[in-house]
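Student: Task: produce atomic coordinates for the following.
(chains A and B)
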Number of protein chains: 2
Amino acid sequence: MQKPNLPKGTRDFGPEQMRKRLFIFDTIRRTFQRFGFQPLETPSMENLTTLMGKYGDEGDQLLFKILNSGDFAASLSELDLATGSKKLTPKISEKGLRYDLTVPFARYVVMNRNALVMPFKRYQMQPVWRADRPQKGRYREFYQCDADVVGTDSLLCEAEIVLMIHEVFRNLGIQDFTLKINNRKILAGIAERIGIPGQEGTLSVAIDKLDKIGQDNVLIELRERGFSDDSIASLTPLFSFTQNNTTNVLTELKQWLHDSITAQQGIKELDETLRLVNQYGLIDSQVEVDPTLARGLSYYTGAIFEVKANAVNIGSVSGGGRYDNLTGAFGMPGLSGVGISFGVDRIYDVMEELNLFPTATGQGTQVLIIPFDAEARSVALPLLNQLRSAGITAETYPDLAKVKKMLDYANSKAIPFVVLIGSEEVQTGQLSVKNMLTGEQQKMSADSVIELIKK
Amino acid sequence: MQKPNLPKGTRDFGPEQMRKRLFIFDTIRRTFQRFGFQPLETPSMENLTTLMGKYGDEGDQLLFKILNSGDFAASLSELDLATGSKKLTPKISEKGLRYDLTVPFARYVVMNRNALVMPFKRYQMQPVWRADRPQKGRYREFYQCDADVVGTDSLLCEAEIVLMIHEVFRNLGIQDFTLKINNRKILAGIAERIGIPGQEGTLSVAIDKLDKIGQDNVLIELRERGFSDDSIASLTPLFSFTQNNTTNVLTELKQWLHDSITAQQGIKELDETLRLVNQYGLIDSQVEVDPTLARGLSYYTGAIFEVKANAVNIGSVSGGGRYDNLTGAFGMPGLSGVGISFGVDRIYDVMEELNLFPTATGQGTQVLIIPFDAEARSVALPLLNQLRSAGITAETYPDLAKVKKMLDYANSKAIPFVVLIGSEEVQTGQLSVKNMLTGEQQKMSADSVIELIKK
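Tutor: As a prediction, the model looks like this:
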């Protein structure tokens, strides 16, 4: 008999991991909701016509495609086979697993355009699938947690997202993070300034490596990519901004990029966003303006966000930005919006590494009731009912086993209290309660047990 | 440009539906947890070697299979094509979407057999996929909510499940339901009693239709299925049990099936289960012993449960039972357990039809802040921050629009309160609060707003 195993790149989440993951999901969900974002869920499968062509050629390759049901091979000819996998696929598959939450969201907006009241604020927390080569920290199934507001270009939305990011990480207990913010228009202005207008994409690919390879190597890469000496020389100011003071960075940028109308517009947007954040009264802001920050340049047109946990070397834990054509591919052009996405897997790793999960994530069993014999159940079972009615998570060991075995069970599930019930307890009604951490044991009434555990 | 649409048999869940669905999920999850069940999540995909052969031939057909990544066609020959879809499938697909939560659970238990402490109580709430023909109330993607305890044959587990079912439906607000309970051994005893030992499966297929087609037609069907007149005649007592009194049914069964050791064992188990339920102190029990209840006969070996909502004609909303070979197919025989599954889609329909969803499911926006102009934001934004810090779900309209438009927005999201901020409010600090249900408007301080909304 074959030993069962998991498809590569996928994972089981057992009780311990699930408790921690649920803590993260709940915290993010509650914060999203408090900011007025409404829940949405879309199907795991989408038609390939919806998914294909939205993520570039590489993305199309990475889509998990679902084999058509029924006798899919019936209509295939030898000729079809000879055309190769790429041309064969559409003949035997018309559905795929979602690759992200953005395209399904866009599809939903277009299908419900007449019913939705704008601005529409939705959040979505669901798994996505990518047929990527699995490696450390990269999985074929993973959750995304996205919040977006569409149908408005108000910068209040950017400000709200800055605020919400702070809320999420503080509610998770991650205090030490940096929220980098930039604007696509500033990147465009830099490209203009160094004489390569419209090429901020290529520029950013190199600049993005600044943290990893340093300034000198970035310049070498730019040269290799065909940038002229003049262009590269004029880029120098970019590496000397006062990053830890947002006002100074913006002033320096304003001067450096004074010729670019686009850049000035981007700086103005960023300035206004930060002014609004300030007006909210955000305490202890972790915002840093970083004119080298570039991500999602194929769709972001305004603000760009990225969050890193400072104490852990793990890449970004959250990212987002403003786009102005969410639904264009589905025939509904010009819909502007701004969104943020939280990476649950990386957040989990950060919290694990920094030991930030609360010891009681609120889901484990609080008390195990141990009846010594069948007769003791006459006390154990009503007590169990009473504890649960009081909102306490309680269970009893179902078999009449040795007490040691039952205590081991309590320890294995990290249950903090056990109630031991023998003949004496049945007679007197006084229960023996043991604190599994301290080993301390005392006798008390059922009501006192409830009081003790609730404390 | 093609109008986007959904794969057939799948659904989007918009904000209104999601709020209700989340209420159901949260309620079930909290109840599962309070009974000591621990969360588990398994990947959406499993290897086809794990899934195939577990659900019968029909089930194998209904599995959604995922096309292998890369150049899957490269190794195919004309010969492969000629063999037909069934033989071609394993050559181009090695993974499938999970069909239920039981097989992945069994796979998990086997893979973690050395680490798990028995009895192991897990719950799992995840979508499953079936390539069924879509029809009213039947979807290709739907959630299952399962709780199982394995590694013990204690009848306390059956009793706990009876209790938990009552808890779940009461917490949902569904008061009028019936929990039917039977035992596979009683069905086996009936088959013995009427002279067709081992054929309780065939017998049950006909008996199961009793509700729909009536006693006469059941007898006709039995005749068509080749049951002798003697067998059919001796079945008569089955149709005359006093169903609404569990003690009487058990007594009558005991007499009728006195010859069958198997049946007596089943009756004893049922009797003991109900005695334990009683010992817990279950108030207002909805349990009915129904010796005609049959489901899952290919795996249930002891107790069988089924729940129906009485006021709605929708089939069962929950079902489960005891099995004694969960993991046999994966080389780990003899693992006994008992489980229950809740059908979220049907529960949703029942609650919708009976209007049982609480008006505030706890997720919607409670207050919309409406600043009349940019200046008013200096009051609006700090207020927003203050409200959210107090745990209130609040938002502001991001654009400076006409007041009517903003009030329409509040109505469309069913937001109960709005705070209107104009120049007067900016000067005095007194805020105008409007109750959107009554239309009543009054002035008050920020602190009073918090008090009002929290009430």
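Student: So what does the closest residue to chain B within the stretch 1-150 of chain A have for phi and psi?
Tutor: Going by Cβ to the nearest Cβ, chain B is nearest to residue A:36 of the stretch 1-150 of chain A, at 3.1 Å. Every residue, glycine included, has its C-beta placed from N, CA and C. Note on residue A:36: its backbone torsions stand at phi 90, psi 10 [degrees, to the nearest 10].
Student: how about it, what does it touch?
Tutor: By Cβ atoms under 8 Å, 6 or more residues apart in numbering or on different chains, the contact list for residue A:36 reads A:121, B:365, B:393, B:394, B:395, B:413.
Student: how many other residues sit next to the nearest residue to residue A:311 once chain neighbours are set aside?
Tutor: Residue nearest to residue A:311 in three dimensions, not counting chain neighbours: residue A:176, with 5.4 Å by Cβ to Cβ, 6 or more residues apart in numbering or on different chains. Number of residues near residue A:176 (other Cβ atoms under 10 Å in any protein chain shown) recorded here: 13.
Student: ok, now residue A:401?
Tutor: For residue A:401, using other Cβ under 10 Å, the count is 15.
Student: Tell me the secondary structure of whichever residue of the stretch 351-455 of chain A sits closest to chain B, please.
Tutor: At 3.1 Å from chain B, residue A:395 is the closest residue in the stretch 351-455 of chain A, using Cβ to the nearest Cβ. Counting by DSSP: H, G, I helix; E, B strand; the rest coil, the backbone at residue A:395 sits in strand.
Student: Listing partners with orientation, what would you give for the helix or strand where residue A:433 lies?
Tutor: According to DSSP states H and E, residue A:433 maps onto strand A:431-435. Strand pairing for strand A:431-435, using DSSP bridges, gives strand A:417-421 (antiparallel), strand A:441-444 (antiparallel).
Student: pretty sure residue A:130 contacts residue A:62?
Tutor: Yes. Counting by Cβ atoms under 8 Å, residue A:62 is a contact partner of residue A:130 at 4.8 Å.
Student: Looking at those two, which has the bigger crowd around it?
Tutor: residue A:130 (23 against 17).
Student: Which residue, other than its chain neighbours, is closest to the residue of the stretch 1-150 of chain A closest to chain B?
Tutor: residue B:395 (3.1 Å).
Student: near chain B, which residues of the stretch 101-250 of chain A?
Tutor: Applying Cβ under 8 Å from any Cβ of the partner chain, we find that the stretch 101-250 of chain A lies next to chain B at A:107-108, A:110-112, A:117, A:119, A:121-122, A:127, A:129, A:131, A:140-141, A:149, A:152, A:154, A:156-157, A:159-160, A:163, A:167.
Student: Quick one: list the elements packing against the one helix or strand in chain A whose mean pLDDT sits lowest.
Tutor: The least trusted helix or strand in chain A, going by mean pLDDT, DSSP states H and E, turns out to be helix A:78-82, with a mean of 78. Judged by 3 or more Cβ pairs under 8 Å, 6 or more residues apart in numbering or on different chains; DSSP states H and E, helix A:78-82 is in contact with helix A:85-92, helix B:78-82.
Student: got the contact list for the shortest one?
Tutor: By that I understand helix B:78-82. Contacts of helix B:78-82 (Cβ under 8 Å, 6+ apart): A:73, A:76, A:78, A:81, B:87, B:88, B:91.
Student: Can you lay out these as a markdown table showing neighbour count and distance to residue A:279?
Tutor: Shown next, in a markdown table, are those (neighbours: other Cβ atoms under 10 Å in any protein chain shown; distance: Cβ to Cβ, whole Å):
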| residue | neighbour count | distance to residue A:279 |
| --- | --- | --- |
| A:73 | 23 | 64 |
| A:76 | 18 | 63 |
| A:78 | 10 | 69 |
| A:81 | 19 | 65 |
| B:87 | 13 | 68 |
| B:88 | 20 | 64 |
| B:91 | 16 | 63 |
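Student: Run through the stretch 101-250 of chain A and note the low-pLDDT ranges.
Tutor: Within the stretch 101-250 of chain A, the ranges that satisfy pLDDT under 70 run A:243.
Student: Spell out the residue ranges of the strands in it.
Tutor: Per DSSP state E, counting those that start in this stretch, the stretch 101-250 of chain A carries strands over the ranges A:120-129, A:141-150, A:177-183.
Student: Mean neighbour count and distance to residue B:320 added to those, as a markdown table?
Tutor: Shown next, in a markdown table, are those (neighbours: other Cβ atoms under 10 Å in any protein chain shown; distance: least, Cβ to Cβ, whole Å):
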| stretch | mean neighbour count | distance to residue B:320 |
| --- | --- | --- |
| strand A:120-129 | 22 | 26 |
| strand A:141-150 | 22 | 28 |
| strand A:177-183 | 22 | 45 |
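Student: what would these look like in TSV with distance to residue A:264?
Tutor: Below are those laid out as TSV (distance: least, Cβ to Cβ, whole Å):
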stretch	distance to residue A:264
strand A:120-129	30
strand A:141-150	25
strand A:177-183	11
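Student: returning to what we had before: out of the helices and strands packed on helix A:78-82, flag the one nearest residue B:383.
Tutor: helix A:85-92 (54.4 Å; Cβ to Cβ).
Student: Could you check the angle that closest one makes with helix B:85-92?
Tutor: On the basis of axes from the mean of the first three to the mean of the last three Cα atoms, to 10 degrees, helix A:85-92 is oriented at 140 degrees to helix B:85-92.
Student: what does helix A:85-92 contact?
Tutor: So helix A:85-92 is contacted by A:48, A:65, A:67-68, A:72-73, A:75-76, A:80-81, B:67, B:70-74, B:92 (Cβ under 8 Å, 6+ apart).
Student: Got a quick ChimeraX command for the buried subset of these?
Tutor: Buried residues within the contacts of helix A:85-92, by 16 or more other Cβ atoms under 10 Å in any protein chain shown, are selected in ChimeraX with:
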select /A:48,65,67,68,72,73,76,80,81 /B:67,72,73,92
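Student: Show only the entries of the contacts of helix A:85-92 found in helices.
Tutor: Using DSSP state H, the members of those that fall in helices are A:48, A:80, A:81, B:92.
Student: So residue A:34 is in contact with residue B:395, correct?
Tutor: No. With contact defined as Cβ under 8 Å, residue A:34 does not reach residue B:395; the gap is 9.1 Å.
Student: So which of the two has more stuff around it?
Tutor: residue B:395 (26 against 22).
Student: The more buried one against residue B:370, yeah?
Tutor: No. Using Cβ under 8 Å, residue B:395 is not in contact with residue B:370; the gap is 10.4 Å.
Student: How is chain A partitioned into domains?
Tutor: Taking automatic domain parsing as the criterion, chain A consists of the domains A:15-43+A:103-353, A:364-454.
Student: Residue A:147 and residue A:157, how far apart?
Tutor: Per Cβ to Cβ, to the nearest Å, residue A:147 is found 10 Å from residue A:157.
Student: With residue A:285 instead?
Tutor: 18 Å.
Student: Neighbour count for the two, which is higher?
Tutor: Neighbour tally, residue A:285 and residue A:157, criterion other Cβ under 10 Å: the higher count belongs to residue A:157, 25 against 14.
Student: OK, contacts around that one?
Tutor: Taking Cβ under 8 Å, 6+ apart, we find residue A:157 in contact with A:119, A:149, A:322, A:337, A:338, B:398.
Student: And for residue A:338?
Tutor: By Cβ under 8 Å, 6+ apart, the neighbours of residue A:338 are A:148, A:149, A:157, A:158, A:161, A:302, A:303, A:320, A:321, A:322, A:323.
Student: Please name the bridge partners of it.
Tutor: Residues in beta-bridge contact with residue A:338 (DSSP bridges): residue A:149, residue A:322.
Student: still on that earlier bit, with mean neighbour count and distance to residue B:280 added, can I get the strands paired with strand A:431-435 in JSON lines?
Tutor: What follows is these, written out as JSON lines (neighbours: other Cβ under 10 Å; distance: least, Cβ to Cβ, whole Å):
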{"stretch": "strand A:417-421", "mean neighbour count": "23", "distance to residue B:280": "14"}
{"stretch": "strand A:441-444", "mean neighbour count": "13", "distance to residue B:280": "21"}
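Student: Sweet, I'm off.
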